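Novice: Pasted the sequence and its predicted model underneath.
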Amino acid sequence: MHPDLHATRLAIAAGTSDARTEIEHAVAAAQSPANRHTFTRTLFDEARREAATAERTLPLAGLAFSVKDLFDVANQPTPAGSVVLTHAPAATADAPAVARLRAAGGALIGRTNMTEFAFSGVGVNPHHGTPANAADPATPRIPGGSSSGAAVSVATGAAFIGLGSDTGGSIRIPAALNGIVGFKSTARLVPTDGAIPLSTTLDTVCAMTRSVRDAVTAHEVLAGRRVAPGDKPLSARRLAVVRNLFLDEVEPAVARAFDAALVALRVAGAQIEEITLSPLADLPAMNATGFSAPEAYAWHRLLLERSGAGYDPRVAQRILKGATTKAYEYLDLVRARRDWIAHMEAALQRFDAVLSPTVPITAPTIASVAPGAERDAEFFRVNGLLLRNPSVINMLDGCAISIPCQAPGDAPVGLMLWHASLHDDAVLAIAAEAERALQQ
């Protein structure tokens, strides 16, 4: 793993490195074969200028960050991984999230590839190629999505922070599959302005990093707030493991890593209780309608009429499902979700955080899910498995973080720590303790 933002800032403060040197390292990484399909647009000269002028006392100190292709960057179009918006009018200003990272001293190195219009957890893109998972140079494996390029940029050393979005796991899935950290904050804490939406109900603007401490820094910048983790040790935290849904169809490699993580946390003093969450049984009925398809269709309707042939067929298929959603079905879903959140929050109130595998599988090969009708069944099977666990937290309007928990040399596996809305600081604090326990 490359040094994290925190360690690099310390080196800059000590005079053993500087932002210019670090940006050249990032550029070299971005140009390497590992990042062949990671970027839809690189901004190396601009990043060099930003690094040269940044104050080293700022949180990002002139260091590189990347931006998912669905965010506005001033004077650039915002294609969102598509070809149908390639020639759309350029944005007149940076999205607030981009502006905040720049104001914190970040150097924007480029726009990152993604699932077209963010509508998949796999990370395959038929227009720009699919970024290969950073963890297995020998075998091209999926990066996870939809923030695919963002994850690979962080894992390969091309960026310290990968700005992305998370609607059903699009930050945590690629973080888990690439062996890095992905934090989904409570959605309302970071503005979504200047980002092409998938679901206005579920979208969250957030980031991937190489450590939990960097996740804290990124969140503080993006949310414009200070994290107050408190001083509770891990031994004073009550943690839950949900045995229904989250552990269904878990691959043996994921089960081994997850069980070993629980052992390490118990050795570190954590109190862990296994529970069943009965409200999870209500999810299939809510997901039968879902928010993403009707809300995406509302945004894409006219564009699909004009340019539907230019869409990734798998993405268009999912968006078009929203055309059949009736108004009463959507309003029923809004009410059902509100009641469901209340039941979930009541069931979780005695715990500080919940522990689950981020996703139940390790990364399959790109070839097994590549574009092509003959692979659609496998693509949608994998997509469903990847989205299943993390999407629960989006429906909950909660917060969650994925941290690596695999043994050295094994395929990446994510440990997800999560809770209901506005438990962000506790989740981050517990994740930092868990990260230390897993590294012992």
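Specialist: Sure, I can see it.
Novice: where do the strands sit along this structure?
Specialist: Ranges of strands within the chain are 39-42, 64-68, 107-112, 161-166, 181-184, 204-209, 238-242, 271-275, 353-357, 399-404, 414-419, based on DSSP state E.
Novice: Can I get these in CSV including mean neighbour count and mean pLDDT?
Specialist: Bear in mind the C-beta positions are built from the backbone N, C-alpha and C, glycine included. Listed next are the strands of the chain as CSV, based on neighbours: other Cβ atoms under 10 Å; pLDDT from 0 to 100:
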stretch, mean neighbour count, mean pLDDT
strand 39-42, 20, 98
strand 64-68, 33, 99
strand 107-112, 28, 98
strand 161-166, 32, 98
strand 181-184, 30, 99
strand 204-209, 30, 98
strand 238-242, 18, 98
strand 271-275, 13, 98
strand 353-357, 25, 98
strand 399-404, 30, 99
strand 414-419, 28, 99
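Novice: how about JSON lines for the ones you listed, with distance to residue 323 added?
Specialist: Converted to JSON lines, the strands of the chain look like this (distance: least, Cβ to Cβ, whole Å):
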{"stretch": "strand 39-42", "distance to residue 323": "28"}
{"stretch": "strand 64-68", "distance to residue 323": "26"}
{"stretch": "strand 107-112", "distance to residue 323": "30"}
{"stretch": "strand 161-166", "distance to residue 323": "23"}
{"stretch": "strand 181-184", "distance to residue 323": "28"}
{"stretch": "strand 204-209", "distance to residue 323": "25"}
{"stretch": "strand 238-242", "distance to residue 323": "34"}
{"stretch": "strand 271-275", "distance to residue 323": "39"}
{"stretch": "strand 353-357", "distance to residue 323": "33"}
{"stretch": "strand 399-404", "distance to residue 323": "31"}
{"stretch": "strand 414-419", "distance to residue 323": "32"}
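Novice: Quick check: which of those strands is nearest to residue 101?
Specialist: strand 64-68 (5.2 Å; Cβ to Cβ).
Novice: residue contacts, the residue nearest the centre of the chain?
Specialist: Central residue of the chain (Cα atoms, centre = their mean): residue 171, 0.5 Å from the mean position. Neighbouring residues of residue 171 by Cβ atoms under 8 Å, 6 or more residues apart in numbering: 147, 150, 164, 165, 182, 183, 184, 204, 206, 207, 208, 402.
Novice: One more: residue 156?
Specialist: 2, 29, 32, 34, 35, 38, 134.
Novice: How confident was the prediction at it?
Specialist: According to the prediction, residue 156 has pLDDT 98.
Novice: Now do residue 288: how many residues are near it, please.
Specialist: 9 (other Cβ atoms under 10 Å).
Novice: Likewise for the one 4 residues further on?
Specialist: Using other Cβ under 10 Å, residue 292 is surrounded by 26 other residues.
Novice: Surely it is in contact with residue 200?
Specialist: No - if you go by Cβ atoms under 8 Å, residue 292 and residue 200 don't touch, sitting 9.9 Å apart.
Novice: just checking, what packs against the helix ranked longest in the chain?
Specialist: In the chain, assigned by DSSP state H, the helix with the most residues is helix 327-348. Applying 3 or more Cβ pairs under 8 Å, 6 or more residues apart in numbering; DSSP states H and E, we find helix 327-348 packed against helix 283-289, helix 376-395.
Novice: can you tell which of those is closest to residue 111?
Specialist: Short answer: helix 376-395, nearest of these by Cβ to Cβ, at 23.2 Å.
Novice: In CSV, list the C-alpha atoms belonging to that closest one.
Specialist: Extracted in CSV, the C-alpha atoms of helix 376-395 (Å, rounded to 0.1, in the frame of the first residue of the first chain):
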residue,chain,number,x,y,z
ASP,A,376,-25.9,-10.4,-19.0
ALA,A,377,-27.1,-13.0,-16.6
GLU,A,378,-23.8,-13.2,-14.8
PHE,A,379,-23.4,-9.5,-14.8
PHE,A,380,-26.7,-8.9,-13.1
ARG,A,381,-26.1,-11.8,-10.6
VAL,A,382,-22.8,-10.2,-9.6
ASN,A,383,-24.3,-6.7,-9.5
GLY,A,384,-27.1,-7.9,-7.2
LEU,A,385,-24.6,-9.5,-4.8
LEU,A,386,-22.3,-6.5,-4.7
LEU,A,387,-25.2,-4.0,-4.0
ARG,A,388,-27.1,-6.2,-1.5
ASN,A,389,-25.2,-5.3,1.7
PRO,A,390,-24.2,-1.7,1.2
SER,A,391,-27.5,-0.6,-0.2
VAL,A,392,-29.2,-1.4,3.1
ILE,A,393,-27.4,1.6,4.6
ASN,A,394,-28.5,3.9,1.8
MET,A,395,-32.1,2.9,2.4
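Novice: In contact with residue 439, which residues?
Specialist: Taking Cβ under 8 Å, 6+ apart as the definition, residue 439 has no contacts.
Novice: my bad, should have said residue 352
Specialist: Per Cβ under 8 Å, 6+ apart, neighbours of residue 352: 232, 237, 238, 239, 419, 426, 430.
Novice: How about the contacts made by the closest residue to residue 269 other than its chain neighbours?
Specialist: Here the nearest residue to residue 269 in space, its sequence neighbours aside, is residue 235; by Cβ to Cβ, 6 or more residues apart in numbering that works out to 3.2 Å. Applying Cβ under 8 Å, 6+ apart to residue 235 gives the contacts 268, 269, 270, 271.
Novice: can I have stretch 244-251 written out in CSV, keeping just the CAs?
Specialist: Taking C-alpha atoms only, stretch 244-251 is exported to CSV below (Å, rounded to 0.1, in the frame of the first residue of the first chain):
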residue,chain,number,x,y,z
ASN,A,244,-29.7,-12.4,8.5
LEU,A,245,-29.3,-11.2,4.9
PHE,A,246,-25.7,-9.8,5.3
LEU,A,247,-24.1,-13.2,5.6
ASP,A,248,-26.2,-14.9,2.9
GLU,A,249,-24.2,-16.4,-0.1
VAL,A,250,-20.9,-15.3,1.4
GLU,A,251,-17.8,-16.7,-0.4
